[in-house]
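Enquirer: Sequence and predicted structure, then a few things I'm wondering about:
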Amino acid sequence: DAGITQSPRHKVTETGTPVTLRCHQTENHRYMYWYRQDPGHGLRLIHYSYGVKDTDKGEVSDGYSVSRSKTEDFLLTLESATSSQTSVYFCAITGTPNRQETQYFGPGTRLLVL
Amino acid sequence: AQSVTQLGSHVSVSEGALVLLRCNYSSSVPPYLFWYVQYPNQGLQLLLKYTSAATLVKGINGFEAEFKKSETSFHLTKPSAHMSDAAEYFCAVSGDGGSQGNLIFGKGTKLSVKP
């Protein structure tokens, strides 16, 4: 298994509070991704990173920000959580941006916003 | 633009029966296609992928998929279902390269296996 951990694994928070999710990898991969998974929607890309301090938006980036100060860590922040951000969040990594490259996924973080 | 359609959000088969999970794609560039499996409360695990080397791709756990360009399909099959195959399956296509290697996923198909 790829060395990817996510923390916390479960979180319950209230509307309007800030939340930060962490993805940590031990593979020294350059590319990291945050997806959210919702029933009936599959997985959708929130943000991705192509190196330290290099990030860009994905399909559903509104309400989210990211940071990557070290190769191994990619943080996802909900500045002011809303109920629509209740979801399961997955981090993924890959070594290159080649289109045939496999992405490896972390175990996920289940977030409930009340 | 790329997209993936998985026909059937739920599929139920009996143990020992054929498993067929359908995936159709749309891609503006030559497609690279993936099947992932997700067991309850776990992350996604790669089953197999098509990278143009061969149209029939064999994966883990006895699964295989055939790329058919004329039908824009990449259906997943397994000759004989096992109880341990019960999971959710996602088909994905690579982005067009403008998004640095991201994947576009279908909505998933939940497979149930009856004893």
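Expert: Received it, and whenever you're ready, just let me know what you need.

Enquirer: For the closest residue to residue A:114 other than its chain neighbours, list the residues it contacts.
Expert: Leaving aside its sequence neighbours, residue A:114 sits nearest to residue A:14 (Cβ to Cβ, 6 or more residues apart in numbering or on different chains; 5.4 Å). C-beta here means a position set from N, CA and C on the backbone, and glycine is covered the same way. Counting by Cβ atoms under 8 Å, 6 or more residues apart in numbering or on different chains, residue A:14 touches A:81, A:113, A:114.

Enquirer: Select from these the one having the most neighbours.
Expert: residue A:81 (22 neighbours; other Cβ atoms under 10 Å in any protein chain shown).

Enquirer: tell me the mean pLDDT for stretch A:33-51?
Expert: Stretch A:33-51 shows a mean pLDDT of 93.

Enquirer: That one and chain B in contact?
Expert: Yes: Stretch A:33-51 is in contact with chain B by Cβ under 8 Å from any Cβ of the partner chain, via A:33, A:35, A:40, A:41, A:42, A:43, A:44, A:45, A:48, A:50.

Enquirer: Pull out the buried residues from that stretch.
Expert: A:33-37, A:42-49 (16 or more other Cβ atoms under 10 Å in any protein chain shown).

Enquirer: And stretch B:80-89, by the same measure?
Expert: B:81, B:85, B:86, B:87, B:88, B:89.

Enquirer: Of all pairs in the residues you listed, which one spans the longest distance?
Expert: B:81 and B:88 (14.8 Å; Cβ to Cβ).

Enquirer: Okay, and which of the residues of stretch A:33-51 next to chain B map to helices?
Expert: Judged by DSSP state H, helices contain none of the residues of stretch A:33-51 next to chain B.

Enquirer: for the residues you listed, which one is nearest residue A:21?
Expert: Taking Cβ to Cβ as the measure, residue A:21 lies nearest residue A:35 of the residues of stretch A:33-51 next to chain B, at 11.6 Å.

Enquirer: What distance do you get for that closest one to residue B:53?
Expert: To residue B:53, residue A:35 is 27 Å away according to Cβ to Cβ, to the nearest Å.

Enquirer: And the strands in chain A, which stretches?
Expert: Along chain A, the segments classed as strands by DSSP state E run A:4-7, A:10-13, A:19-25, A:31-38, A:42-51, A:54-57, A:64-70, A:73-78, A:87-94, A:104-105, A:109-113.

Enquirer: partner strands of the longest one, parallel or antiparallel?
Expert: Under the criterion DSSP bridges, strand A:42-51 sits next to strand A:31-38 (antiparallel), strand A:54-57 (antiparallel) in its sheet.

Enquirer: For stretch B:38-53, buried residues please.
Expert: Residues of stretch B:38-53 classed as buried: B:38, B:43, B:44, B:46, B:47, B:48, B:49, B:50, B:51 (neighbour count, 16+ other Cβ under 10 Å).

Enquirer: any idea how far residue A:90 is from the closest residue to the second one other than its chain neighbours?
Expert: In this case it means residue B:43. Once flanking residues are discounted, residue B:43 sits nearest to residue A:105: 4.0 Å by Cβ to Cβ, 6+ apart. Taking Cβ to Cβ as the measure, residue A:105 and residue A:90 are separated by 5 Å.

Enquirer: Could you name every residue contacting both of those two?
Expert: Common contacts of residue A:105 and residue A:90 (Cβ under 8 Å, 6+ apart): B:43, B:44.
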